[in-house]
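Visitor: This is a predicted model, with the sequence first.
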Amino acid sequence: MAKALGFTYIANRFYSAGVPKVRAQKYVLNKYFQGEPKKSDFQIIEEELSVLKDGEILTEAEFLSVDPYMRAYMIGYKLPTDMIGGQVAKIIASRNKKFPEGKYVAGSFGWRTHTICNPSLPPKIGFLPTTLLPDISPHPVSLGLGILGMPGNTAHFGLKEICQAKPGETIVITGAAGAVGSHVGQIAKAIGCRVVGFAGSDEKCEYLEKDLGFDRAFNYKTANIKLALKDGAPKRVDCYFDNVGGEISTTIMNFMNYYGRVAVCGSISSYNDDKLPKVTILQPAIVFKELKVEGFLVNRWIDRWDEGINANLKLLREGKLKYNEKIYHGFDNMVDALVGMLRGENTGKAVVKVK
């Protein structure tokens, strides 16, 4: 991989915009992932950005996101292609009155240091709208990539619209210590549900129970899943928020109550596999228990994006929503951060601090 160069500003100013030209760095994917992503799959290149036009803003990235979907989605792009991803960035120049200089935005800018965009237009890559971050002080702006961003809205809409969880019901969450799963559990507790989580270490399970208030949490690597369900969900399972797929999902769905609801958010257990793993057939449980199983992408609710953010911000301010971040450092370390997240190094949201 090419060695990342320093941020370079060219001193001369152009036209009436009064904005110095900027040389941005970005990650370009040149090779489809085989197994875990590798640094050799990418190249960091520089490009000189154009002069700002009316309605546009120039941003500088402060935090970049690494998310499971990145591993799965890139096969759909023709190579070479800019790497996708969300970021929180500071507006360093603006010709848009609604987006003043000095404010922060979240958007689908990809893995790059500087971006010019018109916030009123759809993003060139990804799907997230370019939005101004609300005042979330004293909390860090990186939450715009977590509980107040795409993972937060995934949890909010997935639980409310797909699972339709009700007070007194039992919900099981896999990938429960991740950015989405840890959030789902807390919203479910606020609704009045019994919450059972599966995570990948004893430390994560302790965090879920002691810090986030899960009723029970089990290490899926060491626990007998069937016995864990009998222990943690004595009234069986009404809602299942599936982040991982695999055999554990089959076991959970066979333990559900009649008319249970399953929100299929992801299948991180197989993202790095060249071939999909074989698991026990699901259809008997779906048919005989009359389960509702629905996959979803959060951009289904793109027209309600601010609704989800404001709902999560309200829970945060009421003390009903806690968060944890795994922060990696340096633009050069994006690939390491992505791999680490896919390996489960993070508790809560994984982000990269650019500088």
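Guide: Thanks, I have it.
Visitor: Would you map the helices across this structure?
Guide: Using DSSP state H, the helices of the chain run over 68-73, 150-157, 179-191, 202-206, 225-232, 247-254, 283-288, 305-317, 334-342.
Visitor: export those helices to JSON lines and tack on distance to residue 59 and mean pLDDT?
Guide: Every residue, glycine included, has its C-beta placed from N, CA and C. JSON lines is the format used below for the helices of the chain (distance: least, Cβ to Cβ, whole Å; pLDDT from 0 to 100):
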{"stretch": "helix 68-73", "distance to residue 59": "20", "mean pLDDT": "88"}
{"stretch": "helix 150-157", "distance to residue 59": "17", "mean pLDDT": "97"}
{"stretch": "helix 179-191", "distance to residue 59": "22", "mean pLDDT": "97"}
{"stretch": "helix 202-206", "distance to residue 59": "34", "mean pLDDT": "97"}
{"stretch": "helix 225-232", "distance to residue 59": "44", "mean pLDDT": "98"}
{"stretch": "helix 247-254", "distance to residue 59": "39", "mean pLDDT": "96"}
{"stretch": "helix 283-288", "distance to residue 59": "45", "mean pLDDT": "95"}
{"stretch": "helix 305-317", "distance to residue 59": "18", "mean pLDDT": "95"}
{"stretch": "helix 334-342", "distance to residue 59": "17", "mean pLDDT": "96"}
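Visitor: So for residue 22, which of these sits nearest?
Guide: helix 334-342 (19.4 Å; Cβ to Cβ).
Visitor: before we move on, the earlier item: to residue 25, which of the helices of the chain lies closest?
Guide: Each of the helices of the chain has some distance to residue 25 by Cβ to Cβ; the shortest is helix 334-342, at 10.6 Å.
Visitor: what comes up buried for that closest one?
Guide: Buried residues in helix 334-342, counted by 16 or more other Cβ atoms under 10 Å: 334, 335, 336, 337, 338, 339, 340, 341, 342.
Visitor: which non-adjacent residue is nearest the first one?
Guide: Spatial nearest neighbour of residue 334, excluding adjacent residues (Cβ to Cβ, 6 or more residues apart in numbering): residue 111 at 5.4 Å.
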